[in-house]
Each structure stands twice: as structure tokens, then as C-alpha cells.
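# Starting from these lines, generate the structure:
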Amino acid sequence: MATVRTALLCAAGSVNGVFTTRYTCPAGHTAILKDVRLTANGAGNTRAVVAVASGAAATYLYDQALAALASLDGLFVVLEPGDVLQVYSTGNTFTVRASGAELLGVAP
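Presented below is the predicted three-dimensional model:
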């Protein structure tokens, strides 16, 4: 039996005023994002949005103000092939770091 290990799947910043894809679940896999962390990059508040898009449908995991230099952790989500993790900010930018596992096969 193969061992499933957690790995860093995404570590990138947001782009002000634009939804930006930061992770895409590969074809033939199910991704479990066990820990999604946000950290504000500057002084002042920023509106931080983290969403998962599956085709034309999107689900917001987080959409709130993130205080200057504050962090948020604990977001958890399962993605199917082609699903994407997107981020958006207004005001200052933030960094998103997602860790988890990519499992071969598609969850039922």
C-alpha cells in the first residue's frame, strides 16, 4: 500500500483586484487541501477572498477583511480533477500557502 504524505501544493501571493488561480487539481486525481493559510503582506487591512471553482460554479471559503500582518489558518477543502483554488484581494495583498495530498483516482 502506498503511503500518503502531505506536501506543499501552493505558495504564492494574491494579485490586487484580480481573481488568480493558485492551484489546479490534476486530471485523474483528488486533492485534499488540509491546511490553507493566509498572511497579509502589508500595513492596513485587505479584503481577502479564497474560492474554489468547479467549472462555472464557485464556492467562497473565505471573504473578509484580513488585518495588517495577520494570519488565518485552518481552511480545509477537497478538490476534484480540474477544480481550482483562486485568490483575490483589494487593498493590500496577501500570501496563500496550501498543503495537502494529491491522491490518484477520483473520489466517488
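
# any idea how far Ser89 is from Cys25?
23 Å (CB to CB, to the nearest Å). C-betas here are computed from N, CA, C, even on glycine.

# do you know how far the spatially most central residue of the chain is from Asn45?
Central residue of the chain (CA atoms, centre = their mean): Leu85, 4.5 Å from the mean position. Using CB to CB, Leu85 is found at 22 Å from Asn45.

# mind listing the strands for the chain?
7-13, 20-24, 29-40, 46-54, 57-66, 71-79, 84-91, 94-104 (DSSP state E).

# mean pLDDT lowest for which of these?
Per-stretch mean pLDDT for the strands of the chain is lowest at strand 71-79 (a mean of 88).

# and that one, which strands flank it?
strand 29-40 (antiparallel) (DSSP bridges).

# Show me what counts as buried in the strand it pairs with.
The neighbour-count check on strand 29-40 (16 or more other CB atoms under 10 Å) flags His29, Thr30, Ala31, Ile32, Leu33, Lys34, Val36, Arg37, Leu38, Thr39, Ala40 as buried.
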